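Asker: what follows is a predicted protein model with its sequence.
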Amino acid sequence: MGSQGESTFGHLPLSTSGPLECALRGTVLLNHPYFNKGSAFTKQERHDFGLSGLLPPNVQTLEQQVQRAYQQYSSRQDDLAKNTFLSSMKEQNEVLFFKLIQDHLPEMFSVIYTPTEGDAIQNYSRLFRRPAGAFLNIHDLDRVHEDLSQWGRPEDIDYIVVTDGEEILGIGDQGVGGILISIAKLVLTTLCAGVHPNRVLAVVLDCGTDNTELLEDPLYLGLREKRIRGEKYDDFVDTFVKSARTLYPKAYIHFEDFGLDNARRLLEKYRPDTPCFNDDVQGTGCVTLAAILAGLNVSKQSLSDLRLVIFGAGTAGVGIADQVRDAIAAERGISKEEAAKQIWLIDKPGLLTTKVDKLSSAQKGFVRPHDDWEGKRTDLLGVVQEVKPNVLIGTSTVPKAFTEEVVRAMASHVERPIILPLSNPTRLHEAVPADLLAWTDGKALIATGSPFDPVKGPWGADGQDIEMSIAECNNSVVFPGIGLGSVLSRASRVTDKMLVAATKAVAEMGPAMEEGESTAPLLPGVEAVRDVSVRVARKVIQAAMEEGVTTESDIPGDDERLDEWIREQMWDPVYRPLKYVSAEGASREAKGEMMVVGSLEKREEEES
Ligand SMILES: NC(=O)C1=CN([C@@H]2O[C@H](COP(=O)(O)OP(=O)(O)OC[C@H]3O[C@@H](n4cnc5c(N)ncnc54)[C@H](O)[C@@H]3O)[C@@H](O)[C@H]2O)C=CC1
Ligand SMILES: CC(=O)C(=O)O
Ligand SMILES: [Mg+2]
């Protein structure tokens, strides 16, 4: 990037401060979301960039703009309208967009992410105003490289999120609308981990859709045909990965919301020689293991005591099982096969035993011998009664599957049942916290896939009412930090040890660990996200160094300097002074030829 300078550490940082060179003027500048400051352009800038007469005279601060934007946001009738308002603001003024959300993160998190983003994705073709991100078409294999090449030079992209739209946020196949999950995850990497918003790329691989509602919708914007699978699909994904690697060799590739058959298969294919990560498998595995570790800390148990039942053995469920199994094996010094015996997976046929047909290779590592279960109930209640688990996880998309009977059966065997209903969006949760607490007399240790309000009840030491905060157990707690650490260290791969390090960092920052309080949330909340990301990134970088997979040479050795090095490179939503440069010889950044280059059409009604 043209305006980058040397950092105090003597290497080229990802984000910088100080004046920003800009070759745009007048309305073109006002319509460019990266450079636009709206009413906050200073008098000097208005003079230098030909803005006089294009703005009302009062020069305002970013804080005043945030105040106005928040009022506008609050006046929107419902969460989907708020989500649309924010998307529109992102197209007008990026700094204001990120600053507004950063200042109201606990309130807005669920509007920019699950559950509201799920509604926006379901309505993508109806709400569509302007395109954002890269749309790749399975029928245009020979165009993939060129289509992808428009987003910058080799050094311009740090972070790519790609989806094929098949299994979005628990709402199933959303076809081309999946582009919005790629965009939402990138917004979180910037908000939570300071990844530069202009150095990222959102991609959807359009392979058709099996969602009949979309196929029948005349306004649907994606390929109107059944999903293409098999060799053609694999060639398409492979062409994307190879093109991305060639065009943007430094970029980290984050796979999101691929279908069950593909998520793990693709991860295993590309992991050995690509800096890539599957959030639903690995991110979910890490954050859930962190919640379990925090819960066991409260119940004064360890991984050796763990008896884990997972309801819904799909991408997320098996991803969690893998992560937990590996942690047990490491802690107990036993084989993975032995460690897997502490985990029971349930899917549609009931408990996965050797008698169940059509098991995926990933599920096979966790099957129980059929003989052990001959004549026993293998439904959720039966398994809970038999196994007496201390941890129960839901990744099934079956709402209310954790019934009162199931939960009471669990609580009758363990003092502090750890219960994690993780299915998104909110309406698909296997149970809601208020019920779980009521059925367990406030004993349940809970974390949920989408955010929930605190729950009040008579669970204080002397029976007095207390309010319990409910931790959100969502991969968003951990993937931004893993991505930041991988990008900053330019890791050539994301190894298991890097993931374990990330998990430990999240677990140790959870209030339940830090405060040792039995009513404290199991995981850190959104208000702590940036600190969590710095810690996760530090641990990930240190693990990457131990593994010998870093390609960045200037990484400081000690914790304090490393934290400073990380923080220094995190992007912050602040206005930088603009310095006019003529277009001739100007950098691509100065000419606005970067990621967020929007079309110059008239903007939405919102003022910025
Ligand atoms: N909180 C978080 O960080 C995350 C939450 N999730 C959520 O987890 C849920 C599952 O996601 P994926 O694993 O990607 O989907 P998936 O489709 O791969 O897995 C769902 C599994 O549940 C099983 N299932 C469906 N009905 C069932 C029933 N009646 N009894 C038992 N099993 C049943 C399915 O057969 C499938 O194996 C979604 O709601 C998703 O939003 C996923 C990733 C991260
Ligand atoms: C959180 C997430 O990644 C999912 O629900 O798919
Ligand atoms: Mg996901």
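Answerer: Cool, got the structure. Residues are numbered from 1 along each chain as shown. Ligands and ions are numbered 1, 2, ... in the order given.

Asker: for the one helix or strand in the chain whose mean pLDDT sits lowest, name the packing helices and strands.
Answerer: Lowest on mean pLDDT, DSSP states H and E among the helices and strands of the chain sits helix 511-514, with a mean of 80. With contacts taken as 3 or more CB pairs under 8 Å, 6 or more residues apart in numbering; DSSP states H and E, helix 511-514 sits against helix 284-298. Backbone N, C-alpha and C define where each C-beta goes, glycine included.

Asker: next SSE downstream of the helix it packs on?
Answerer: strand 308-311 (DSSP states H and E).

Asker: can I get that following strand in PDB, CA atoms only?
Answerer: Extracted in PDB, the C-alpha atoms of strand 308-311 (Å, rounded to 0.1, in the frame of the first residue of the first chain):
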ATOM      1  CA  LEU A 308     -19.400 -35.200  26.600                       C
ATOM      2  CA  VAL A 309     -22.600 -35.800  24.600                       C
ATOM      3  CA  ILE A 310     -22.900 -33.900  21.300                       C
ATOM      4  CA  PHE A 311     -26.300 -33.700  19.700                       C
END
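
Asker: which element follows it toward the C-terminus?
Answerer: Assigned by DSSP H and E, the successor of strand 308-311 is helix 315-332.

Asker: if you count neighbours, what's buried in the next helix or strand after that next one?
Answerer: Later in the chain than helix 315-332, the nearest helix or strand by DSSP H and E is helix 336-339. Of all the residues in helix 336-339, those buried under the rule 16 or more other CB atoms under 10 Å are residue 339.

Asker: which residues touch stretch 526-544?
Answerer: If you take CB atoms under 8 Å, 6 or more residues apart in numbering as the criterion, stretch 526-544 is touched by 105-106, 109, 191-194, 472, 477-478, 480-482, 484-486, 488-489, 491, 495, 497-498, 500-502, 504-506, 508-509, 524, 550, 555, 559, 562-563, 566-567, 570.

Asker: repeat that with 7 Å
Answerer: 105-106, 109, 192-194, 477-478, 480-482, 484-486, 488-489, 491, 497-498, 501-502, 504-506, 509, 524, 550, 555, 559, 562-563, 566-567 (CB atoms under 7 Å, 6 or more residues apart in numbering).

Asker: in PyMOL, select just the buried ones from those.
Answerer: The buried residues among the contacts of stretch 526-544 can be selected in PyMOL (16+ other CB under 10 Å) with this line:
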select buried, resi 105+109+192+193+194+477+478+480+481+482+484+485+486+488+489+491+497+498+501+502+504+505+506+509+524+550+555+562+563+566
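
Asker: and the contacts of stretch 526-544, which of them are in helices?
Answerer: When the contacts of stretch 526-544 are checked against helices (DSSP state H), the matches are 105-106, 109, 192-193, 480-482, 484-486, 488-489, 497-498, 501-502, 504-506, 509, 559, 562-563, 566-567.

Asker: spell out which parts of the stretch 151-300 of the chain neighbour ligand 1.
Answerer: Residues of the stretch 151-300 of the chain found near ligand 1 (CB under 6 Å from any ligand atom) are 167, 169, 170, 260, 280, 284.

Asker: and the first one, how many neighbours does it have?
Answerer: Meaning residue 167. Neighbour count of residue 167, defined by other CB atoms under 10 Å: 25.

Asker: look up the closest residue to it, ignoring the ones flanking it.
Answerer: Using CB to CB, 6 or more residues apart in numbering and skipping the chain neighbours, the partner closest in space to residue 167 is residue 259 (4.8 Å).

Asker: mind checking pLDDT for the one you found?
Answerer: Reading off the confidence values, residue 259 has pLDDT 93.
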